[in-house]
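>>> predicted model, plus sequence, below.
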Protein chains: 2
Amino acid sequence: MRSPEELSALFRAQGRKITAQRQCIFRVLQGDESHPTAESIHAAAKAHMETISLKTVYQTLHELAAMGEIAALDLGTGMTRFDPNTEGVHHHLVCRGCGKVRDLHADFSTVTVPTGAEEGFDVGDAEVVFRGRCRDCRRARATAPRRAKATARA
Amino acid sequence: MRSPEELSALFRAQGRKITAQRQCIFRVLQGDESHPTAESIHAAAKAHMETISLKTVYQTLHELAAMGEIAALDLGTGMTRFDPNTEGVHHHLVCRGCGKVRDLHADFSTVTVPTGAEEGFDVGDAEVVFRGRCRDCRRARATAPRRAKATARA
DNA sequence: TTGTCAAAGAACAATCGTTGGTGATAGCCT
DNA sequence: AGGCTATCACCAACGATTGTTCTTTGACAA
Ligand SMILES: [Mn+2]
Ligand SMILES: [Mn+2]
Ligand SMILES: [Zn+2]
Ligand SMILES: [Zn+2]
């Protein structure tokens, strides 16, 4: 994702309006590596701008995603996660316990993916999602009751 | 997934009742490789049993999933997909156009997944989802208007 | 500056897949 | 047969997301 200033310039160049809400969202996204949800972005934005609406957050996130400035990820946690880091191709570690998402920089270039032609399927891209337990959840589980109900809420 | 007869025996052994609805669902699931949704399973079941309710279908599917007889997959198509094929580990091809899901039997055993310890993340398993276009959608797209709206409905 | 107008925002309701209640009926199993 | 489940129909709720409507605002020209 570009800097808030560059994004503002981009928006302006595309005829979009530069509003305080959008700039606020730009700033909130800037450097956020938590793969936040729309809701958590909204919460963070409200800390700076009490009146900003969730709808506006969704709208702006979709615009940024359509522009390729951020990525919208469906990682099976129930909510769309947004990723301002679109620089390098990377994969994700998803914690089954708390839903936290972390980047995984690993090389899968040597993986033999069947060509689309031979299966009739035009493979666009491979999405590798590793599910497991983050350190915090591993620790918590060590002392937790064995059949803890998976709440899956972040 | 086991045969309808074996499943009936299993249910009986667990104190669950063997009802006509459940047997109908067992039969519908048997050999279905389309990774159906609850709704499509319901539709197929209704063809044999007009009065079966969607609720019962959901309930039975969840029971089967909890028993490990089928898998419930979140492949980002908006609805949970159910997979009666739990025999071999396999991955999935998801069509971005029509949402169809196909099995992909490919060997990723040589992929160097970072060990959980070094990242503090206990990797349970890797889920590889390939997104692209199936043959039908490729054909359709060749003649379709360029900005066709993705309906994502199977 | 100020007017104009489309774009953006706020508030609210609706949507979708799914789950939860209810009470009544039906049917499995001992 | 009798008890206990499962199922039914119905209706409501859920959370994430989107559509609607009305109001406000920013961008640009006069
Ligand atoms: Mn990321
Ligand atoms: Mn499969
Ligand atoms: Zn965790
Ligand atoms: Zn397709």
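Ah, there it is. Ligands and ions are numbered 1, 2, ... in the order given.
>>> tell me where chain A has helices.
Assigned by DSSP state H, the helices in chain A fall at A:4-13, A:20-29, A:38-48, A:54-66, A:116-119, A:135-143.
>>> show me what counts as buried in the second one.
Same thing as helix A:20-29. Judged by neighbour count using 16 or more other Cβ atoms under 10 Å in any protein chain shown, the buried positions of helix A:20-29 are A:21, A:22, A:23, A:24, A:25, A:26, A:27, A:28, A:29. For every residue, glycine as well, the C-beta is placed using N, CA and C.
>>> ligand 2 versus the closest residue in space to residue A:37 that isn't next to it in sequence, what's the distance?
Distances taken as Cβ to Cβ, 6 or more residues apart in numbering or on different chains put residue A:79 closest to residue A:37, at 4.3 Å, once the chain neighbours are dropped. Distance of residue A:79 to ligand 2, computed by Cβ to the ion, to the nearest Å: 25 Å.
>>> then residue A:105?
Distance from residue A:105 to ligand 2, by Cβ to the ion: 28 Å.
>>> that residue and residue A:92 touch, don't they?
No. The pair residue A:105 / residue A:92 is not scored as a contact, 10.6 Å apart, by Cβ atoms under 8 Å.
>>> these two: which has the busier surroundings?
The neighbour count for residue A:105 versus residue A:92, taken as other Cβ atoms under 10 Å in any protein chain shown, is higher for residue A:92 (18 against 9).
>>> from residue A:47, how far off is the more buried one?
As defined by Cβ to Cβ, to the nearest Å, residue A:92 lies at a distance of 26 Å from residue A:47.
>>> now stretch A:41-57: buried residues?
A:41, A:42, A:44, A:45, A:46, A:52, A:56, A:57.
>>> dump the buried residues of helix A:20-29 to CSV, plus pLDDT.
CSV is the format used below for those (pLDDT from 0 to 100):
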residue, pLDDT
A:21, 92
A:22, 92
A:23, 93
A:24, 93
A:25, 94
A:26, 94
A:27, 94
A:28, 95
A:29, 95
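>>> could you work out the most separated pair of those?
Farthest-apart pair in these is A:21 and A:29; separation 12.7 Å (Cβ to Cβ).
>>> what does chain A put close to ligand 1?
A:83, A:103 (Cβ under 5 Å from the ion).
>>> by mean pLDDT, flag the weakest helix or strand of chain A.
helix A:116-119 (a mean of 49; mean pLDDT, DSSP states H and E).
>>> I'd like the distance between residue A:91 and ligand 2.
Where ligand 2 is concerned, residue A:91 sits at a distance of 21 Å (Cβ to the ion).
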